[in-house]
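Q: pasting a predicted model and its sequence here:
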Amino acid sequence: MKKLKWSLLILSSVFLLILSACGTSQESSASDSSKVSTEDNGQKTAEIKLGYATCAHCLAMSLVPDYVKDVKIDAKNFPSGNDVLTALVSGSLDVAQVTYLHYITALDKGLDLVAISGQINGGSEILVGNDISLKADDWDGFKKLVAERKKSGNKLKVAASRGNAQDIHMRGEFKKHGIDPVNDIEFVNIANPADHASALENGQVDVISTVEPFASQIRLNKSGKHFAYPYDQAAGNLTNLIVTRSDVLKEHKAELQEVVTGVVNLVDDLKQDKTKWLDVISKNTSLSDDIATEALKNSYPDYNMHEKETLAIAKMMKDLNYIQNDVADKAKKNMDYEFLEKATGKLAEELGKE
């Protein structure tokens, strides 16, 4: 109990700083961690509690139970990745879909996380207001605009949900192009991505880095216009990661294998046909089919775990002062490729391990 209270105390400070790519933090509805349920035939089957966030590239996790035969999967939808991670670390979940950024931040805080699979990457986009005269990918023009606004005393207002994948992608991209994300712009934190469209349309901000499907919603509704996909930095387009705790790994290894195999088979199917994916987005959001379809153009199913890029993310996050410690060794040690190897028949080196 003391250990649980200590974990929750740590988490309460951690998650004030990190906001998920998929919405604001709310109380989760998950119940206690994995238990054993009795089926009608008298056989006992382990139940694995799986959590995922609400965003275009996260909702596909709701399909995992359809790909697992011998384990009961209790899949829970949470408003944000922060909620999912909180539930996992506090023991209410066994497996969680979070982001690579959550993974690094949690390790920096000494939390117990083990990565066991990739899932879907992408989903980030930088958009500008309709009155900003910039062509797509014109970083020289963007840098000039930033300098002009800074000189005038009216810094360019740039928004994101602080600490999420899109925020980190944007800051890394800015730095690469010679823009100081701390001193050269005025950063505006808009925690809920659902509010991003109105902020850009109303002129509250000039630029926004947001997640799908809200990025596609902004473009298709003409609330703003595309500027760049912020993938030309250390994190690349890495977004989602499947994680668990060390005690679950020890006690439910066979069940975790079923989950990872299910994720692998799901990812393979999504690469071929996105119909099921579109269906779950429509079912769980109020977005139109056109927006959902557009959003998936910027999402890339991928079960590999990219070690080299993960370590680069850790370095970038330290350079950006998002973490305080060098967690490269932890990040490498806590990426367990065993489940992916068994599920795919491939070597770890073929699955992203260096």
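A: Perfect, I can see it now. None of the values given here were measured: they were computed from a predicted structure.

Q: drop to CA atoms for contacts and neighbour counts, all remaining ones
A: Fine.

Q: tell me the confidence at the closest residue to Leu351 other than its chain neighbours?
A: Spatial nearest neighbour of Leu351, chain neighbours left out: Asn304 (4.9 Å); criterion: Cα to Cα, 6 or more residues apart in numbering. Asn304 is assigned 98 on the pLDDT scale.

Q: repeat that for Asp94.
A: 97.

Q: what's the burial count for it?
A: 27 (other Cα atoms under 10 Å).

Q: tell me the phi and psi of it?
A: Asp94 has phi and psi values of phi -100, psi -30 when expressed as degrees, to the nearest 10.

Q: correct me if wrong: Leu107 contacts Val327.
A: Yes - using Cα atoms under 8 Å, Leu107 is in contact with Val327, at 6.7 Å.

Q: what's around the residue nearest to Leu351, how many residues?
A: So Asn304, with other Cα under 10 Å, has 21 neighbours.

Q: going forward, begin numbering at 43 instead of 1
A: Sure thing, new numbering starts at 43, so read that last one as Asn346.

Q: now do the helices in the stretch 193-342 of the chain.
A: 207-218, 238-243, 256-262, 288-293, 295-314, 317-326, 331-337 (DSSP state H, counting those that start in this stretch).

Q: now do the contacts for Leu353.
A: Counting by Cα atoms under 8 Å, 6 or more residues apart in numbering, Leu353 touches Ala370, Ala373, Lys374.

Q: quick revisit: tell me the contacts of the residue nearest to Leu393?
A: Ser159, Gly160, Gln161, Leu382, Leu393, Gly394.

Q: ok, now His211?
A: Ser166, Pro272, Tyr273, Gln275, Ala277, Gly278.

Q: about what we covered before: need the helices of the stretch 193-342 of the chain in CSV (columns: distance to Pro121 and mean pLDDT).
A: Below are those laid out as CSV (distance: least, Cα to Cα, whole Å; pLDDT from 0 to 100):
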stretch, distance to Pro121, mean pLDDT
helix 207-218, 16, 92
helix 238-243, 16, 95
helix 256-262, 15, 94
helix 288-293, 24, 96
helix 295-314, 21, 96
helix 317-326, 11, 87
helix 331-337, 18, 91
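
Q: verify the stated contact: Pro235 with Pro255.
A: No - taking contacts as Cα under 8 Å, Pro235 lies outside contact range of Pro255: 9.4 Å.

Q: ok, the two, which is more surrounded?
A: Neighbours were counted for Pro235 and for Pro255 using other Cα under 10 Å; Pro255 has more, 27 against 23.

Q: could you find the closest non-adjacent residue to that one?
A: Counting by Cα to Cα, 6+ apart, the residue nearest Pro255 is Ala337, at 4.9 Å.

Q: I'd like to know how many residues surround that neighbour.
A: Counted with other Cα under 10 Å, Ala337 comes out at 22.

Q: cool, Gln314 as well?
A: If we define neighbours as other Cα under 10 Å, then Gln314 has 8 of them.

Q: list the contacts for Asn196?
A: Asn196 neighbours (Cα under 8 Å, 6+ apart): none.

Q: mind checking pLDDT for it?
A: 97.

Q: please report how far it lies from Glu228.
A: 9 Å (Cα to Cα, to the nearest Å).

Q: try Ser203
A: For Ser203, the distance to Glu228 - Cα to Cα - is 14 Å.

Q: looking at those two, which one has more neighbours?
A: Shown here are Ser203 and Glu228; by other Cα under 10 Å, Ser203 has more neighbours (27 against 18).

Q: report how many residues lie close to the nearest residue to that one once chain neighbours are set aside.
A: When the adjacent residues along the chain are set aside, Ser203 lies closest to Ala233, with 4.5 Å between them (Cα to Cα, 6+ apart). Look at Ala233: counted by other Cα under 10 Å, it has 22 neighbours.
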